[in-house]
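> Compute the structure for the input listed below.
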Amino acid sequence: MSAYEEQLEKMANADGFIAALDQSGGSTPKALRLYGVSDDAYTVGEESMYDKVHEMRTRIITSPSFTGDKILAAILFEMTMDREIEGKPTAQYLWEDKKVVPLLKVDKGLAAEENGVQLMKPNPGLGALLKRAKEDKGIFGTKMRSVVKLANAEGVKAIVEQQFEVGKQIVAAGLVPIIEPEVDIHSPEKKEAEELLKASIMDELNKLEPDQKVMLKLSLPTVDNHYKECIEHPNCVRVVALSGGYKRDEANEILARNEKMIGSFSRALTEGLNVNMSDEEYNKNLGDSIDSIYNASKS
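Numbers count the residues shown, from 1 in each chain. I've put the predicted structure just below:
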């Protein structure tokens, strides 16, 4: 079995969840602040900031609590992919040393809101990035995010069409895309938006060829098991949930009620971790967090 086949089997069938370690650009200072790194320890947007965030990610990934027994995959920011952990390229370290499948965030951020949604910005360099990720870095799959704010049928249709159009380009490059049309958990029309979203996703899934496999990353739904049909679709490798701003305990509680949906948490995973913790305290805190998300994902 090739590494790709082994990774696909793990992503489709193993128990566990995805660690989202892909904060980038604008979200990085907030993530560092939550981790206990003061703003005066680096310069925003410069190498010193990315050094600090790589130190944070390295401590998470090298922790004895962080293993492929409970974590299926980790989503990386491009700069993390291009750096090393313990002398190995990050993706190689994840798979060889931890048996964690490496994934890459590939979008370039969000466009301005229109028709109640934020599409992804144009991404002219995507083809070259996919080639480098697949051939040089050993990346298995990708993630790209857009956001639904309101239950606008035209907007939701546009967001899903864009995600699947780019998704097919990613599949053609030999990678498995995570399609992430997030519904804002604070939307006053969240439930209605989720109904429109599921209908659009099912339309696009039904248009795929049998060998075009995708994953979905979706907000925890208002109605439990709302995405059951997506989970059961033959073209869908896995449906994962983002925490979307919920605290970890609440996110886990909702996730546990949604059968066969697994977590793909970022802030909820690192909640409570601090740069100044001793290794013992840090590893216990991270281990408890991993256990709680793993258990919620198994439900």
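> for the helix or strand bottoming out on mean pLDDT in the chain, which positions count as buried?
Least confident helix or strand, the chain: helix 28-34 with a mean of 88, by mean pLDDT, DSSP states H and E. Residues 28-29, 31-32, 34 are the ones in helix 28-34 that count as buried (16 or more other CB atoms under 10 Å). Every residue, glycine included, has its C-beta placed from N, CA and C.
> Could you do stretch 151-167 as well?
Buried, per 16+ other CB under 10 Å, within stretch 151-167: 151-152, 155-160, 162-164, 166-167.
> what does stretch 233-240 give?
233, 235-240.
> which one of the buried residues of stretch 151-167 is nearest Trp95?
Set against Trp95, the nearest of those by CB to CB is Gly167 (22.7 Å).
> isn't there a strand covering Met215?
Yes. Secondary structure of Met215 (DSSP: H, G, I helix; E, B strand; the rest coil): part of a strand.
> On the three-state scheme, the spatially closest residue to it that is not a sequence neighbour is what?
Nearest-residue entry for Met215: Ile178, 4.5 Å, with adjacent residues in sequence omitted and distances by CB to CB, 6 or more residues apart in numbering. Look at Ile178: counting by three-state DSSP, its state is strand.
> residues contacting Ile178?
By CB atoms under 8 Å, 6 or more residues apart in numbering, the contact list for Ile178 reads 75, 103, 141-144, 214-217, 240, 264.
> biggest separation within these, which pair?
The widest separation within the contacts of Ile178 (CB to CB) is 15.1 Å, between Ile75 and Val214.
> And the contacts of the least confident helix or strand of the chain?
Contacts of helix 28-34 (CB under 8 Å, 6+ apart): 23, 39, 41-42, 44, 49-50, 52-53, 56, 267, 270-271.
> Flag the least confident of those.
Lowest in pLDDT among the contacts of helix 28-34 is Gln23, which has 75.
> tell me the contacts of that residue?
Contacts of Gln23 were listed using CB under 8 Å, 6+ apart, and they are 30-31, 53, 77, 266.
> run the last query once more with 7 Å
The neighbours of Gln23, taking CB atoms under 7 Å, 6 or more residues apart in numbering as the test, are 31, 53, 77, 266.
> Of the contacts of Ile178, which is the most crowded?
Leu103 (33 neighbours; other CB atoms under 10 Å).
> my read: it touches Lys137, true?
No. Under the criterion of CB atoms under 7 Å, Leu103 makes no contact with Lys137, lying 11.2 Å away.
> All the helices of the stretch 51-200 of the chain, in order from the start?
All helices of the stretch 51-200 of the chain, identified by DSSP state H, counting those that start in this stretch, fall at 78-81, 90-98, 126-135, 153-172, 190-207.
> so Met49, which of the three states?
Secondary structure state of Met49, per three-state DSSP, is helix.
> In this structure Ile254 contacts Leu220, no?
Yes. Look at Ile254 against Leu220 with CB under 7 Å: they come within range, at 4.4 Å.
> Which one's more surrounded, these two?
Between Ile254 and Leu220, counting by other CB under 10 Å, Leu220 is the more crowded of the two (25 against 20).
> so what pLDDT did the more buried one get?
pLDDT at Leu220 comes out at 98.
> cool, Gly45 as well?
Gly45 is given a pLDDT of 85.
> my guess is it is in a strand, correct?
No. Looking at Gly45 with three-state DSSP, it is coil, so not inside a strand.
> ok, how many other residues are close to it?
Using other CB under 10 Å, Gly45 is surrounded by 12 other residues.
> quick one: it from Ala14, how far?
The gap separating Gly45 from Ala14 is 38 Å, by CB to CB, to the nearest Å.
> and Gln260, what helix or strand is that in?
One correction, residue 260 is Lys, not Gln. Element membership for Lys260 (DSSP states H and E) is empty, with no helix or strand holding it.
> From Ile262, how far out is the closest residue to it other than its chain neighbours?
Closest residue to Lys260 apart from its sequence neighbours, by CB to CB, 6+ apart: Ile231 at 5.0 Å. For Ile231, the distance to Ile262 (CB to CB) stands at 10 Å.
> out of the two, which sits in the more crowded spot?
Taking other CB under 10 Å, Ile231 and Ile262 do not tie; Ile262 has more neighbours (25 against 16).
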